[in-house]
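[1] any chance you could fold what I've pasted below:
(2 chains)
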Amino acid sequence: MAPPESSNGHGLLELREVHASYGPIRALHGISLGVPNGAVVALLGANGAGKTTTLRAVSGMVRTVGSVRFDGRDITNSKPEDVARLGIAHVPSGRGTMTQLTVWENLQMGAYVRRDRGGVRKDFDRVAGYFPWMGERRGQVAVTLSGGEQQMLAIGRALMMRPRLLLLDEPSLGLAPLIVRQIFEIIATINREEKLSTLIVEQNANLALKIASRAYVLEVGRIVLEGTGAELLRHESVRKSYLGD
Amino acid sequence: MYLASFSFTELLQQIVSGAGAGAVYASLALALVLIYRAMDVANFAQGEMAMFSTYIAYALVGGDFGLLGSKLGFNGVHLDIANAFWIAFAVAVVVSFGIGVLLERVLIRPFEGAPLLTLVIVTLGLFAVVNGLAGFNWGYVFKTFCCAFPQSAVNLGGVSFNYTDLGIIAVTVLILAAMAVFFRFTKLGLAMRAASLYPESSRLVGVRTSWMLALGWGLSAAVGAVSGIMVAPVVFLDPNMMQSVLLFAFAAAVLGGIESPIGAVVGALLIGILLALVGTYLPGGENLRTPFALLIIVAVLLVRPAGLLGRPETRRV
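    Below is the predicted model:
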């Protein structure tokens, strides 16, 4: 495949020829992709294709060669906390729930960097609007939540950061189909209402492609396919490999 | 004959004085727990750091800055005001906080991600260095450092209690309450808890976890300082004064649950009272206190490794 044309230009997030490795094991072999302002972009691929590594490269959690730019600024190999402070909220695979803390404390941690108390209050109401159960159960310790609730809490915590870019790593992991659909609906709603740019990594291609305006397919550390969500939904090899046709 | 001399009054007095000693162990145990929770390492230098803090307070009160003071010619400079002890106490605690932060930055930071054994060895090295520095500067002679509380007793219901014991207990309760409020109700306290339990998730929301560890060292040094300054008037000040206290604090932390601050305090009070009773009522008991503390450590680790108030399932997920 030709290098993706779409990632040249005015994307909020731009990855150019990014290589990443864990010690001697190379996980990404020069991938380029972009997330335009306000868009949902999906990154698909099998286990071990490098999806998670791509997000970790953005957040500075893996040694990276190449260029990662956020809003025109070079953030390659920045520290995770600095990337977060620039406005990138990363919901890691397995959710990163702070299990011994309460729902409210988890959300407060999302607002850790912020100094505007009033705004944080408002954002709590906003998050509780998307996930109404959080309002009633804010004192509950997170370890007692279901997997789906923990995933929602992780997304809620990310929203409390008032991010400009949301990175979601396999939000469907280990969850029942009904819950997964709920979560994807909420992600789509958030994007629609707040124009929050989102890069979502998924094995569940069907749902991801339905809410994504653009999608990339990763295979062993390389991007092998890209297009609009609708294009990839119709694409034969995607249907075969990821949609179970 | 031992039973014959038993009196209820004496038992009560022993319990309160044991709790007073226990309160000293409690601050140091709390300091140990703070660092253990932050980095899974027992800080063997905790007692020596507290000892050094105590020398700082001692120097401020009496103007004895040791060799350094005589070389630089400022010995004799001291706090010549009312409540000098308590002002020196406050200054020493604050300075200790700074030293704790500095130690983490200089000594621990380079070993971030190193095996735990490496860190343990570093704290052992720190133990030797701090002890040596204090000995070098002030010498290995006993100094009197007096007094936090009136050297008298108060009569409550026919039993007389030392102001010192009661005062130490009160100070410890205050410290514990302050820590509880800090960790439970402040944003920074919450972030420190989160950073130690969930370093990766914390960094992803912007927490500078490495600085949180330095803060933890600072707090721990400050709380430890309280322990040293409280015990020095009772046992005399010398560079080795905290070594038995450290052992008792370890026993307390293990008994209460090494990850539980409240457990550490409860454990310390229990240990203090138990040791006081052993010292009073067992023949030759005064010499059995240290072996007894070790026995408690071993027994707890065998029977209930998580301690009284520790929860076995609270490990990192």
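
[2] what's the worst-scoring helix or strand of chain A on mean pLDDT in contact with?
    One helix or strand of chain A scores below all others by mean pLDDT, DSSP states H and E: helix A:236-242, with a mean of 75. Helix A:236-242 has contacts (CB atoms under 8 Å, 6 or more residues apart in numbering or on different chains) with A:44, A:46, A:203, A:205-206, A:209, A:217, A:225, A:232-233, A:245. For every residue, glycine as well, the C-beta is placed using N, CA and C.

[3] check contacts around residue 203.
    Defaulting to chain A. A:44-47, A:170, A:172, A:242.

[4] please refer instead to chain B.
    A:79-81, A:84, B:209.

[5] now do the SS call for the closest residue to residue A:220 other than its chain neighbours.
    Spatial nearest neighbour of residue A:220, chain neighbours left out: residue A:49 (6.2 Å); criterion: CB to CB, 6 or more residues apart in numbering or on different chains. Three-state assignment for residue A:49 (DSSP: H, G, I helix; E, B strand; the rest coil): coil.

[6] residue A:49 and residue A:224 touch, don't they?
    No - under the criterion of CB atoms under 8 Å, residue A:49 makes no contact with residue A:224, lying 9.3 Å away.

[7] more neighbours, these two?
    residue A:49 (23 against 14; other CB atoms under 10 Å in any protein chain shown).

[8] for that one, phi and psi?
    Backbone torsions of residue A:49, given as degrees, to the nearest 10, read phi -80, psi -20.

[9] same question for the one 3 residues further on.
    Phi and psi for residue A:52, reported as degrees, to the nearest 10, are phi -60, psi -40.

[10] for chain A, what lies in contact range of chain B?
    A:59, A:61, A:79-81, A:84-85, A:89-90, A:92, A:96-101, A:105, A:108-110, A:112-113, A:157, A:161 (CB under 8 Å from any CB of the partner chain).

[11] just the closest of the contacts of residue A:203 to chain B, please.
    For these, the closest approach to chain B (CB to the nearest CB) belongs to residue A:170, at 15.1 Å.

[12] what number of residues lie near that closest one?
    Neighbour count of residue A:170, defined by other CB under 10 Å: 22.

[13] residue contacts, it?
    A:51-52, A:93, A:201-203.

[14] all strands for chain B, in order.
    Applying DSSP state E to chain B gives strands spanning B:153-156, B:159-162.

[15] look up how far residue A:46 lies from residue A:203.
    Taking CB to CB, to the nearest Å as the measure, residue A:203 falls 7 Å from residue A:46.

[16] just among the contacts of residue B:203, which is most surrounded?
    residue A:84 (26 neighbours).

[17] can you tell me the element it falls in?
    Secondary-structure assignment from DSSP states H and E places residue A:84 in helix A:80-86.

[18] coming back round to it: between the contacts of residue A:203, which sits nearest residue B:80?
    residue A:170 (67.0 Å; CB to CB).

[19] so what's the closest one scoring on pLDDT?
    At residue A:170, the model reports a pLDDT of 94.

[20] repeat for residue A:9
    So residue A:9 comes in at 48 (pLDDT).

[21] could you pull out the strands for chain A?
    A:13-22, A:25-35, A:40-45, A:64-70, A:73-74, A:88-91, A:165-169, A:197-202, A:214-219, A:222-227.

[22] average pLDDT across the shortest one?
    pLDDT averaged over strand A:73-74 equals 95, rounded to a whole number.

[23] listing partners with orientation, what would you give for that strand?
    strand A:64-70 (antiparallel) (DSSP bridges).

[24] next, the angle from the partner strand to strand A:13-22.
    Put simply, strand A:64-70 runs at 150 degrees to strand A:13-22, going by axes from the mean of the first three to the mean of the last three CA atoms, to 10 degrees.

[25] if we can go back for a sec, residue A:120: which of the contacts of residue A:170 is nearest?
    residue A:93 (26.7 Å).

[26] re the thing from before, now list whatever residues contact both of residue A:49 and residue A:224.
    Common neighbours of residue A:49 and residue A:224 (CB under 8 Å, 6+ apart) are residue A:218.

[27] I'd like the distance between residue B:56 and chain A.
    34 Å (CB to the nearest CB, to the nearest Å).

[28] got a pLDDT number for that residue?
    Confidence score, pLDDT, at residue B:56: 96.

[29] the lowest-mean-pLDDT helix or strand in chain B: partners in the sheet, and parallel or antiparallel?
    Scoring the helices and strands of chain B by mean pLDDT, DSSP H and E places strand B:159-162 at the bottom, with a mean of 86. In the sheet, strand B:159-162 lines up against strand B:153-156 (antiparallel) (DSSP bridges).

[30] my guess is residue B:41 contacts residue B:33, does it?
    No - between residue B:41 and residue B:33 there is no contact under CB under 8 Å: 11.7 Å.

[31] any idea how far the closest residue to residue A:204 other than its chain neighbours lies from residue A:192?
    Excluding the flanking residues, the one nearest residue A:204 by CB to CB, 6+ apart is residue A:172, at 4.5 Å. Using CB to CB, residue A:172 is found at 20 Å from residue A:192.

[32] burial count for residue 36?
    All of this refers to chain A. The burial count for residue A:36: 18, using other CB under 10 Å.

[33] please go with chain B instead
    20.

[34] ok, residue A:234 - how many residues close by?
    The burial count for residue A:234: 12, using other CB under 10 Å.

[35] contacts only, for it.
    Per CB under 8 Å, 6+ apart, neighbours of residue A:234: none.

[36] measure it to chain B for me?
    Applying CB to the nearest CB to residue A:234 and chain B gives a distance of 35 Å.

[37] can you read off the pLDDT for that residue?
    Reading off the model, residue A:234 has pLDDT 84.
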